[in-house]
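**Q** Quick one, structure for this:
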Amino acid sequence: MQLDKTAIAISQRNLDELLDLSLSVLRRYGLKLLGVALLSALPFAIINAFLLSSRIMSGGYILDSADRAIFVFWMAVLVYVESPLAMAPVTIVLGNMMFGIASKKGDLRGTFRKQWFPILWIMSLLRGVIPMMGIIFLIEFVSNDRSFATGIGTFWICLMLLLVFLIRGLRPFTPEILLLEKCPWSSGRKTGKKQDLPKSTITHAQRSARIHLNGGELLFATIWVGFVALFFLGLLVVSSVTLIGSVTGAWTWGWWMDLFFYPLALWLIAFWGTVVRFLLYMNTRIRGEGWELE
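**A** Below you'll find the predicted structure:
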């Protein structure tokens with residue numbers, strides 16, 4: 001790393017400045033990053049549409065208020081839980097852009113090939129992506145009594161959502177640790193066998209413990225960014241309804257919002273949140289490792 005040749009000036013910033021900086025990053029690099037984000041989110045968007053398709057189709061795309069509230073909530077939960085994994089390529093590209101490194105498709109494939117197990121175990125399983133999908137799949141496609149399963153399932157979804165929120169609030173930088181720093185899952189050393197990695201190798205758990213020392217401060221930042229994200233989401237949703245109403249004269253939340261505009265708004269917020277998390281990660285390293293003094 002050459003700290004005097006970065007796309008973003010090395011300077012310690014407060015949270016308000018980081019939020020402002022995130023918009024500046026989107027203004028300058030947004031189009032390039034947006035293409036990566038939408039392409040990365042597409043498989044997850046298709047999976048989410050499949051998981052919730054039976055709820056929409058059962059009403060012929062005409063949902064009552066209860067079903068629509070559940071659909072809106074579950075879709076938001078899925079995108080929130082999936083976003084670190086879905087936006088992993090954005091994290092890699094953004095990290096390369098920060099230090100003036102040209103991103104190549106081979107680099108992305110190489111990173112995922114090297115880190116496939118910790119990505120699968122930590123980012124997919126332990127952070128709730130696969131379990132959350134599994135719960136919704138059981139409710140929508142396996143249960144016999146849908147209304148009862150919806151009530152019980154919503155309870156477990158909320159419980160898991162709270163757990164994921166706390167984990168991500170206290171340990172937000174796992175994508176950066178695995179994808180940018182490329183810390184391995186384990187040292188690979190076993191008694192009586194040849195060492196696979198040098199003794200100086202820092203594992204994911206060791207690096208996470210070091211960089212997440214200020215867990216309370218990070219949790220507060222996560223909560224504050226969440227409120228801002230909800231505000232931005234409201235603006236996007238109102239803008240979408242207004243746009244459709246102006247063009248078609250239908251000033252209601254219809255199937256076009258369920259199937260396209262609302263999921264798109266959620267993924268755009270997830271994209272912005274990935275940029276904010278990366279800037280918070282950089283700010284934590286700047287302060288903790290003395291980059292600004294250096």
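
**Q** name the element W291 belongs to?
**A** For W291, there is no enclosing helix or strand under DSSP states H and E.

**Q** looking at it, it is touching R285, isn't it?
**A** Yes - with contacts counted by Cβ atoms under 8 Å, W291 reaches R285, the gap being 6.4 Å. (Glycine included, C-beta is placed from N, CA and C.)

**Q** Okay, L15 and W224: tell me how far apart.
**A** Going from L15 to W224 by Cβ to Cβ, to the nearest Å gives 6 Å.

**Q** list the buried ones in stretch 19-30?
**A** Neighbour-count burial for stretch 19-30, counted by 16 or more other Cβ atoms under 10 Å, picks out 19, 21-22, 25, 29-30.

**Q** swap that for stretch 41-49, please
**A** Result for stretch 41-49 [16+ other Cβ under 10 Å]: buried residues 41, 44-45, 48.

**Q** Tell me the one of these nearest H204?
**A** F44 (23.0 Å; Cβ to Cβ).

**Q** other SSEs contacting the host helix or strand of the closest one?
**A** Assigning secondary structure by DSSP H and E places F44 in helix 15-51. Judged by 3 or more Cβ pairs under 8 Å, 6 or more residues apart in numbering; DSSP states H and E, the packing partners of helix 15-51 are helix 65-86, helix 88-98, helix 129-137, helix 215-248, helix 262-289.

**Q** Could you tell me how many residues sit around A270?
**A** By other Cβ atoms under 10 Å, the residues close to A270 number 21.

**Q** Likewise for A76?
**A** Neighbour number of A76 under other Cβ under 10 Å is 18.

**Q** Touching, it and A265? I think so.
**A** No - look at A76 against A265 with Cβ under 8 Å: they stay out of range, at 9.7 Å.

**Q** Flag the helix or strand of this structure with the lowest per-element mean pLDDT.
**A** The helix or strand of the chain with the poorest confidence is helix 53-57; it has a mean of 73 (mean pLDDT, DSSP states H and E).

**Q** circling back: L15 and W224: which has the busier surroundings?
**A** Set side by side, L15 and W224 show more neighbours around L15, with 17 against 13, by other Cβ under 10 Å.

**Q** for the more buried one, what are its contacts?
**A** By Cβ atoms under 8 Å, 6 or more residues apart in numbering, the contact list for L15 reads 221, 224-225, 280.

**Q** Look up how far R27 lies from it.
**A** From L15 over to R27 (counting by Cβ to Cβ), the distance is 19 Å.

**Q** Kindly report the same for F148.
**A** Taking Cβ to Cβ, one finds F148 at 49 Å from R27.

**Q** P118 now?
**A** Taking Cβ to Cβ, one finds P118 at 33 Å from R27.

**Q** do the same with I122
**A** Counting by Cβ to Cβ, the gap from I122 to R27 is 32 Å.

**Q** how far away is V228 from R285?
**A** According to Cβ to Cβ, V228 and R285 sit 22 Å apart.

**Q** typed the wrong thing, it's P89
**A** From P89 to R285 the distance is 21 Å (Cβ to Cβ).

**Q** what's the answer for G226, then?
**A** Noted for G226: a distance of 22 Å to R285, by Cβ to Cβ.

**Q** want to try TSV for the buried residues of stretch 41-49, with distance to L163 and pLDDT as columns?
**A** Formatted as TSV, these follow (distance: Cβ to Cβ, whole Å; pLDDT from 0 to 100):
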residue	distance to L163	pLDDT
A41	23	96
F44	20	97
A45	24	95
N48	20	95
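
**Q** of these, closest to E176?
**A** Out of the buried residues of stretch 41-49, the member with the shortest distance to E176 (by Cβ to Cβ) is A41, at 18.7 Å.

**Q** In contact with the closest residue to M123 other than its chain neighbours, which residues?
**A** Using Cβ to Cβ, 6 or more residues apart in numbering and skipping residues adjacent in sequence, the residue nearest M123 is L85, 4.8 Å away. For L85, the contacting residues are 44, 119, 123-124, 127, 129, 175, by Cβ under 8 Å, 6+ apart.

**Q** If we only consider the residues you listed, which is nearest to V164?
**A** R127 (6.1 Å).

**Q** number of nearby residues for that closest one?
**A** Using other Cβ under 10 Å, R127 has 22 other residues around it.
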